[in-house]
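Engineer: the following block contains a protein sequence and its predicted model.
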Amino acid sequence: EVQLVESGGGLAQAGGSLTLSCVASGSTFDDYDIGWFRQAPGKEREGVSGISRSDGSTYYADSVKGRFTISSDNAKNTVYLRMNSLKPEDTAVYYCAARPTWVVTWWIPDLYEYWGQGTQVTVSS
């Protein structure tokens, strides 16, 4: 069992920055990688970024590449998503999620076993 808690969402102006945090707990957390997803009203949940806890490899959706940075502090069981140059289209509820390390793909929500409660990010123009 893995528990995930996101924080750091809020209101930002276009061009601004926010940093989201995802704190994980649970005895089996070492067996999971972390991804960030987002879901805007009326849209499907989409993958944003992912990080391999074993080697630190990072992955980004094209829509956020060059603007968002994912990182992890394994000692704190925390994954961060630094979001720069925010755009109104980044407005969504952001979720962190955990999937088994043996899963290869990052962008299919159904392959993630555990989800946080989500944190709202709103970007004004």
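Structural biologist: Alright, I've got the coordinates.

Engineer: quickly list what the spatially most central residue of the chain is bridged to.
Structural biologist: For the chain, the residue nearest the mean C-alpha position is residue 36 (2.1 Å; CA atoms, centre = their mean). Beta-bridge pairing for residue 36 (DSSP bridges): residue 49, residue 96.

Engineer: which ones are touching it?
Structural biologist: Shown in contact with residue 36 (CB atoms under 8 Å, 6 or more residues apart in numbering): 20, 22, 47-50, 70, 79, 81, 94-97. C-beta here means a position set from N, CA and C on the backbone, and glycine is covered the same way.

Engineer: redo that, cut-off 10 Å
Structural biologist: 6, 20, 22, 47-51, 60-61, 64, 68, 70, 79-81, 83, 94-97, 106, 116 (CB atoms under 10 Å, 6 or more residues apart in numbering).

Engineer: among those residues, which are located in helices?
Structural biologist: Among these, none falls in helices (DSSP state H).

Engineer: weed out the non-buried ones from those.
Structural biologist: Those of these that meet the buried threshold are 6, 20, 22, 47-51, 60-61, 64, 68, 70, 79-81, 83, 94-97, 106, 116, by 16 or more other CB atoms under 10 Å.

Engineer: among these, which are in strands?
Structural biologist: Taking DSSP state E, the ones among those that sit in strands are 6, 20, 22, 47-51, 60, 68, 70, 79-81, 83, 94-97.
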